[in-house]
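In: need a 3D model of the sequence below.
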Amino acid sequence: MPTTLPGIVDAHVHLGLVDHALLATSAVVEVHDLGWVPGARAGWAADLHPAVRVETAGPFHTAPGGYPKGRTWAPDASVREITDAGDALTAVADAIAAGACTLKVTLHTGGPRLSEHLLHTLVQAAHAAGLGVSAHAEGEGQAVAAFEAGADVLVHTPWTETLDDATVTAMAARMTWISTFTIHEPPARKVALGNARRFVAAGGRLRYGTDMGNGPTPVGVNEAEILALGEAGLEGEALLTALTGGPGPRPDRLLHHDLPRPHTAHECAVWFSTARRLTVAPAEVLPR
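Out: The predicted structure is shown next:
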C-alpha cells in the first residue's frame, strides 16, 4: 500500500563543509547546523528554499583556545571564545538576536574548557532567554559535566566512555541525544551504541543526526545512520519520530512511496532513500 510520511530532519549537520545544494532533491527536508560562522543561514536558506528548512546554532562557544579553535576545518569566526560572565551574557543575547535554534557549547578534554562557573552561566542565561543548550561533550566526565550544568542536548551520543546506568537513566529523564553513530570507528561506535540502548530503554529521546560534513558523510539520507538507530533499539513509530521529528510538516515537506509504511530500520533505510518528494499535498495523508 502506498504511504506518505514527513521527510527526514537531520539534527546535526555542518553545511559549510558540504555541497549543501545536493540536499534539495533528497528526502532530508530540515537540517540543524550546529556550528558555523554567524550569519551563514541566510545564504544557505536562500540556496535551498523552499526545499529544505535550515536552522542554525551560530558559532561554537568555548573557552579561549578551546575546541574547535585552530582546527583547519573551523573558520576563526565560527568559534566564540567566552572569557567571563559578562561575555557569556552577551553571547546569549547575540544568539537570540541572530535567531539561533540552540546555543552550542563545546567541552573537550583535548584542550581548554569552559569553567564550571562559565558553563553554568551560559546555560542559565540561555534558558532564561528561552533558548536551549546543545553540548559537544568529548572525553571522560564531559557528558556528565554538560548534564549537571543543565544542557538540554548532547549533540553526539556519548562515545568516549561508558556511562553508568544511574547516569543514563537520569539523562533520559530530561535530555535529548543526537545519534551520529556512523562518524565513529567501530570501538567508539560500540561504546555509543551501548550507551544509546540503555538511554532508549530508559525512555530517553534519541534523534537522527549525522554530523554531515565530518568526513565523507553522504549529503542527504545516511542509510548507515538509520540502520544504527535500529541497533540502538528503535523501531516502528519511535524510529519514525527519531527520523522525522514527528507529525505535522508543511505539505511541501512530505514524501511519498509505493512501498508500505516502514517499521524496521532496514525498511526505513530503503523507504527514505528511495522515496520521492511531494510538490502538492495529497487529498488524504495517512495518520501518524
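In: every contact and neighbour count from this point should use C-alpha atoms.
Out: Noted.
In: got the phi and psi for the closest residue to Gly213 other than its chain neighbours?
Out: Among residues not flanking Gly213 along the chain, Leu17 sits closest, at 4.9 Å (Cα to Cα, 6 or more residues apart in numbering). Dihedral pair for Leu17: phi -110, psi 10, per degrees, to the nearest 10.
In: can I get the longest helix along the chain in CSV? Just the C-alpha atoms.
Out: For the chain, the longest helix by residue count, based on DSSP state H, is helix 186-201. Below are the C-alpha coordinates for helix 186-201, written out as CSV (Å, rounded to 0.1, in the frame of the first residue of the first chain):
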residue,chain,number,x,y,z
PRO,A,186,33.9,0.6,15.4
PRO,A,187,35.3,0.6,19.0
ALA,A,188,33.9,4.1,19.7
ARG,A,189,30.7,3.2,17.9
LYS,A,190,30.3,0.2,20.1
VAL,A,191,30.5,2.4,23.2
ALA,A,192,28.0,4.9,21.8
LEU,A,193,25.5,2.2,20.8
GLY,A,194,25.8,0.6,24.3
ASN,A,195,25.0,3.9,25.9
ALA,A,196,22.2,4.6,23.5
ARG,A,197,20.5,1.2,24.0
ARG,A,198,20.2,1.9,27.8
PHE,A,199,19.2,5.5,27.1
VAL,A,200,16.4,4.4,24.8
ALA,A,201,15.3,1.7,27.2
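In: run through the neighbouring helices and strands of it.
Out: Under the contact criterion of 3 or more Cα pairs under 8 Å, 6 or more residues apart in numbering; DSSP states H and E, helix 186-201 touches helix 165-172, strand 205-207, helix 223-231.
In: check what contacts the helix or strand following the longest one and list those residues.
Out: Moving toward the C-terminus from helix 223-231, the first helix or strand encountered (DSSP states H and E) is helix 236-244. With Cα atoms under 8 Å, 6 or more residues apart in numbering as the test, helix 236-244 has contacts from 6-10, 205-208, 226, 229-230, 246-247, 262-265, 268.
In: please check those residues and keep the buried ones.
Out: 6-10, 205-208, 226, 229-230, 246, 262-265, 268 (16 or more other Cα atoms under 10 Å).
In: tally of neighbours for the residue nearest to Gly213?
Out: 14 (other Cα atoms under 10 Å).
In: quick one: it from Met171, how far?
Out: 31 Å (Cα to Cα, to the nearest Å).
In: could you do Ala275 as well?
Out: 34 Å.
In: of the two, which one has the most company?
Out: Higher neighbour count among Ala275 and Met171: Met171, with 24 against 20, using other Cα under 10 Å.
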